[in-house]
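Novice: Fold the following and give me the result.
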Amino acid sequence: MDFVSLDQKIDEAGRGKLRNVQLFGTDNFRSWMLYFEPGDGTPMHYHQSPETFLVIDGKCSVKGIGGDERVMEKNDIVFLPAKEYYQLTNIGLGTLVLFGNRSEPFGVRPVRADSESSK
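Specialist: The predicted structure is shown next:
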């Protein structure tokens with residue numbers, strides 16, 4: 001068994017200005033923490049495997065490629081199916097901390113919307 005203190009990881013991310021902190025990983029699973037300052041976030045993209053995000057702290061906009069948007073706050077969870085485009089943005093005044101997991105190893109790259117349209 002492996003254990004991690006999210007409080008400790010949040011503190012490390014804040015001090016080190018780390019946006020993405022790897023927590024656990026195997027050949028078919030990974031979990032991580034995202035730490036975004038206000039206004040920061042991800043590009044529009046998708047992954048080959050389904051994933052979830054739990055808001056640990058802050059306020060997050062989750063947008064789909066069709067323009068749909070949902071705001072998530074502390075203790076909200078979103079499930080994202082495989083190959084569904086989304087974008088995460090910190091729309092709060094403080095830090096946004098998300099806990100994510102996906103059924104694939106670290107190192108598998110996402111597909112960005114801008115790279116799909118340039119094909």
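
Novice: all helices of the chain, in order?
Specialist: For the chain, applying DSSP state H gives helices covering 6-16, 113-117.

Novice: per-residue confidence at the residue nearest to Gln22 when sequence neighbours are not counted?
Specialist: Residue nearest to Gln22 in three dimensions, not counting chain neighbours: Trp32, with 5.2 Å by CB to CB, 6 or more residues apart in numbering. Heads up, the C-betas are built off the backbone N, CA and C, glycines and all. Confidence at Trp32, expressed as pLDDT, is 98.

Novice: Contacts only, for Trp32.
Specialist: Contact analysis of Trp32 by CB atoms under 8 Å, 6 or more residues apart in numbering lists 20-23, 99-101.

Novice: who's it bridged to?
Specialist: When assigned by DSSP bridges, Trp32 has beta-bridge partners Gln22, Gly100.

Novice: now do Val71
Specialist: Ser61.

Novice: Sweet, I'm off.
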